[in-house]
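>>> I'll drop the sequence and a predicted model, then ask my questions.
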Amino acid sequence: MKYIYIYMWLRQHKRVLALPWKQNIKRSEKSNTIDVLVSGVLGNEISSEQWSQHFTESVEPFTAEERREWLSTMSDVALSSDAFFPFKDNIDCANQFGVKYIVSPGGSTRDDEIIEACDEYDMVLIHSGLRLFHH
């Protein structure tokens, strides 16, 4: 779950929002290229040549320091789930990424631990009672 927070927040970085796209690049290609930019896999999963074909000018991927600096600005993030949070570590992880508001259906046998963790981090937790995920 923590990678979702990272990728979604990094996608809001001013460098991502101002990428110099070539014309006729499909939305799905843009999305995949942005994932490469924010994830740090350039050179491993995609070659530099393939990467540069999407842009009108040179674009450097984020450095580890740029990634850390931008992620430290996350605050007042809202998180929702279509199923319950089964373990406290989900809340611990959410806290690391600035989550302050959580909505989940509740219903876990460990709801008391989740409530305690949210209280510990001064998070607002709402149990909606509506579960959208079914097996």
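Okay, I see it.
>>> and the lengthiest helix in the chain, what does it pack onto?
Criterion DSSP state H: the longest helix present in the chain is helix 27-39. Identification of packing neighbours for helix 27-39 by 3 or more C-beta pairs under 8 Å, 6 or more residues apart in numbering; DSSP states H and E yields helix 2-10, helix 14-17. No exception for glycine: its C-beta is placed from N, CA and C like everyone else's.
>>> looking at those helices, which has the lowest confidence?
The weakest mean pLDDT among the helices and strands packed on helix 27-39 belongs to helix 2-10, with a mean of 65.
>>> Outline the domain layout of the protein.
Using automatic domain parsing, the domain parsing of the chain gives 2-71, 77-127.
>>> Can I get the ones you listed in TSV including mean neighbour count?
As requested, the domains of the chain are exported to TSV (neighbours: other C-beta atoms under 10 Å):
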stretch	mean neighbour count
domain 2-71	13
domain 77-127	16
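>>> Mean pLDDT per helix and strand in the protein: which one sits at the bottom?
Least confident helix or strand of the chain, by mean pLDDT, DSSP states H and E, is helix 2-10 with a mean of 65.
>>> send the alpha carbons of whichever strand or helix holds residue 116 over as CSV?
Using DSSP states H and E, residue 116 sits within helix 111-120. Extracted in CSV, the C-alpha atoms of helix 111-120 (Å, rounded to 0.1, in the frame of the first residue of the first chain):
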residue,chain,number,x,y,z
ASP,A,111,-10.7,-2.9,14.9
ASP,A,112,-9.7,-2.0,18.5
GLU,A,113,-6.0,-2.0,17.5
ILE,A,114,-6.7,0.1,14.4
ILE,A,115,-8.7,2.6,16.4
GLU,A,116,-5.9,2.8,19.0
ALA,A,117,-3.3,3.3,16.3
CYS,A,118,-5.4,6.1,14.7
ASP,A,119,-5.8,7.8,18.1
GLU,A,120,-2.0,7.5,18.7
